Structure formats: structure tokens, C-alpha cells
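# A structural model of the following input is requested.
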Amino acid sequence: MRTTLTADARNFLERECVRENQDMVKLAGKLGLLVEFVDLPPDLSGRLVRDYSAGTKSGFKIEVNKYQTYTRQRYTIAHEMGHFVMDGVAMNRADEHAEMSMRREPFTGQEYEARERRADRFAAECLMPKTAVSECMTGFRGRACDLARVFGVSESAMRWRLRELGLVLQSEMISRSLRRTSDPYGLLGL
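The predicted model follows:
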């Protein structure tokens, strides 16, 4: 399912997210968000919370699980930035609205999932901009692990993004070719 980005999100991404392996803490700062690496439960990667210390321009901060991997932390920051930009928090800073937009309870499961998909789309486009990924593809021999390192993301995230962008890795072309010759009738369903 294709998730549409808001105009504000698209403008931010086009202006700020144009190269590989950007400093996500600095990028969040451009939105007025502070990033803190804190002790969170293992099943919680991060969250966007109100900054009651009034230490940020936006009035919000991103708390990131300090025990998770570097690539997971980068993704979490981008994902929470997506919530900030796409869920109206950035536009409507009135306490009541901002608090409502961050709580799960007022939304149905379907609405909650739609918000999560939007934040995921924002994170993917922030961490792996289409133009930068396309340009880097030519410098590698079709290995997702190499591209993942360049962009500071997991290999599975890079494979997903490449499929989404319609870019085929050289290794996938070889793999497909081998499947066709070993299963010419498509019986394996691959």
C-alpha cells in the first residue's frame, strides 16, 4: 500500500534529505527536536514526547533506546521525526492537539496503523533518498549489505527500499536467473 506524504514532509525531505548517512540528531534539530538516548524497555525503540523542560524550540523531544543498534537508533529518530512532521504536531503546537496526536487511544487500530505507515514512509525517504540510492547503486556490485553500510541502515531495510524504488540488485538478477533455469515452469513459486 502506497502511503502519501504531506506537502510539509515532502518539502523537508527534498530540502534536507538528499545524501547518504546523514547525522539524524542534527537533522532532528532542524525541526526543533532534541534527541536523547535513554534507558527504555527492550520492546520500545523510541518515542516522541513533550519536552516539559522547555529546552527545545518545538516543545518536543525524541527519546531513543540507548541499548539498540546504531542502525535501529537512526531509523527510530527518522520514524519519530515522521510522526512530528506528518501527524500535525509540527503545525499545531497547541498543547491539547499535540498531546492528542501522540496518544494511541483516540485512534482506531486502522488509524494508528496508517500513522505508523506514514512515519515509516518518511523514515525510508529520509534515510534512503531515492536519488542518492540510485547514484550509489552504480558504485556497487549489487550488494545490499554494502549499500546498507553507506546509508547507515539495516540490510533488510535497504532491500525493502530497493524493491520499493524498483531498483534491482545485480545479485537478485543472478538469483532470479538461477531460479528460472532450475525451475523453468515456475513450480517453486519464486
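
# how near is the residue positioned nearest the centre of the chain to R74?
Nearest to the geometric centre of the chain sits A123, at 1.8 Å (Cα atoms, centre = their mean). Distance from A123 to R74, counting by Cβ to Cβ, to the nearest Å: 9 Å. For the C-beta atoms, the positions are set from N, CA and C on the backbone; glycine is no exception.

# ditto for R50
Relative to R74, and taking Cβ to Cβ, R50 is found at 23 Å.

# picking up where we left off before, with adjacent residues omitted, what lies nearest to the residue nearest to the centre of the chain?
Using Cβ to Cβ, 6 or more residues apart in numbering and skipping the chain neighbours, the partner closest in space to A123 is A78 (3.7 Å).

# my guess is that neighbour contacts P129, does it?
No - using Cβ atoms under 8 Å, A78 makes no contact with P129, being 11.4 Å away.

# which one of these two has more residues nearby?
Taking other Cβ atoms under 10 Å, A78 and P129 do not tie; A78 has more neighbours (25 against 21).

# contacts for the helix or strand hosting the more buried one?
A78 belongs to helix 70-86 when assigned by DSSP states H and E. Helix 70-86 is contacted by residues 5-6, 8-9, 12, 24-25, 27-28, 31, 33, 35, 37, 45-48, 58, 60, 62, 64-65, 68, 89-90, 102, 115, 118-123, 126-127, 148, 152-154, 157 when judged by Cβ atoms under 8 Å, 6 or more residues apart in numbering.

# so how far is S45 from L127?
14 Å.

# compare those two (neighbour count), which wins?
A side-by-side neighbour count of L127 and S45, using other Cβ under 10 Å, places L127 first with 27 against 18.

# ramachandran angles for the more buried one?
When quoted as degrees, to the nearest 10, the phi and psi of L127 stand at phi -80, psi -30.
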